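Engineer: The following block contains a protein sequence and its predicted model.
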Amino acid sequence: MSLKAKFCKNTGTFSLDVALECENDVCALFGESGSGKSMTLKCIAGVMKPDKGFIELDGRTFFDSERKINLSPQKRKTGYLFQNYALFPNMTVKENIACAMRSKDDKTINDTIIAFLLGGLENQYPASLSGGQQQRTALARIMVSKPDILLLDEPFSALDSNMKWSLEQEMCELIESFKKTVIFVSHDRNEVFDMAENICFIENGKTYGIQEKHSAFSSPDSSAAARLCGFRNIFAAEYKNGSVYIPALDITLSGGNEKTKLVAVKNNGFEVQSGTKFPVKRIMDGIEGKTVLLEGTYAVVSAKVSQTTLIKGDYADIKIKDDAVLFLER
């Protein structure tokens, strides 16, 4: 199933400007909280109506402002997993699943209950289920409706870390067997990298193209995307006479261009040694080495190193590795 969507929505306090094109893959809509991810899913599902534009799935029009088409959510056949799962509290597990079926079929319902590891919970109500059991019930209800596309709105946000990993694996198996387009919303880079094939960054309501995940994580093209991908060191920069100057560090780098406004440095992109320029603020131990926090001018440098003899209160000098720098326009 191929999803093509280009639409705008203005709520008065927030503007959404979306362009998406996905085909039988898992695309992560990756952005910070409040960036418009959930609103995008609601527009695709028909829960919210865009102001203008179009949304179509495999040539079937869901919404077209010019042609005055706006299918109801029921007619779109989207499988929408809400953040809170949206189970009916007055219905049992079996009843929640059955309500998504046009013609009730006990065998299909029972087979689905077993497939989603809900055996023995058929007569339980949502309030008595764990977070994982609620999620499985919601997914079971979605899948018996035979959707043409899956929309997953931060599916692991309500789960504790002990439960999260195993349910991620179950979700990956479900997605693999689905074999259709999946839009997966998250602001967690580990979830995105584990589950998605392609990534669409969304910033302040605007989407910025779709990239293969390895490329997206290694070379994000904005400061917001870089932060999401784990870059801790992002500095304001000035382009002067063919080079880029970072005022906060008093360092000049070759490269960039007239449009360069920011520089992102990979966390392991610094060479740190004893010196006189930067006070050592803190040394943090990690599984794969140490992180040295250095006090710059109006900025803190977070440098990942394999080992160091520096301690808090020392002074250090730094050098930025040439292959560890991204020059950003925004």
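Structural biologist: Thanks, I have it. Numbering: from 1, shown residues only.

Engineer: Which residue is the nearest non-sequential neighbour of residue 179?
Structural biologist: Leaving aside its chain neighbours, residue 179 sits nearest to residue 24 (6.7 Å; criterion: CB to CB, 6 or more residues apart in numbering). Heads up, the C-betas are built off the backbone N, CA and C, glycines and all.

Engineer: Now do the one you found: how many residues are near it, please.
Structural biologist: Using other CB atoms under 10 Å as the criterion, residue 24 is surrounded by 14 other residues.

Engineer: Now do the same for it: its pLDDT.
Structural biologist: You'll see residue 24 listed with a pLDDT of 84.

Engineer: And the one 4 residues further on, by the same measure?
Structural biologist: As predicted, residue 28 sits at a pLDDT of 95.

Engineer: How about stretch 259-275, which residues are buried there?
Structural biologist: Using 16 or more other CB atoms under 10 Å as the test for burial, stretch 259-275 gives 260, 262-266, 269-270, 272.

Engineer: isn't the residue nearest to residue 179 right next to residue 176, touching?
Structural biologist: No - using CB atoms under 8 Å, residue 24 is not in contact with residue 176, being 11.7 Å away.

Engineer: number of nearby residues for the residue lying closest to residue 112 once chain neighbours are set aside?
Structural biologist: Excluding the flanking residues, the one nearest residue 112 by CB to CB, 6+ apart is residue 140, at 5.0 Å. Counted by other CB under 10 Å, the residues lying close to residue 140 total 22.

Engineer: all helices for this protein, in order.
Structural biologist: Listed in chain order, the helices of the chain (DSSP state H) span 37-45, 73-76, 93-98, 106-115, 131-144, 161-178, 189-195, 213-218, 223-228.

Engineer: Take the third one, keep the C-alpha atoms, and write them as CSV.
Structural biologist: As requested, the backbone C-alpha atoms of helix 93-98 are provided in CSV (Å, rounded to 0.1, in the frame of the first residue of the first chain):
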residue,chain,number,x,y,z
VAL,A,93,-10.9,-8.2,26.3
LYS,A,94,-13.0,-10.4,24.1
GLU,A,95,-15.7,-7.7,23.7
ASN,A,96,-13.1,-5.0,22.8
ILE,A,97,-11.7,-7.3,20.1
ALA,A,98,-15.1,-8.3,18.8
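
Engineer: helices and strands around it, which ones?
Structural biologist: Taking 3 or more CB pairs under 8 Å, 6 or more residues apart in numbering; DSSP states H and E as contact, the helices and strands that helix 93-98 lies on are helix 106-115, helix 131-144.
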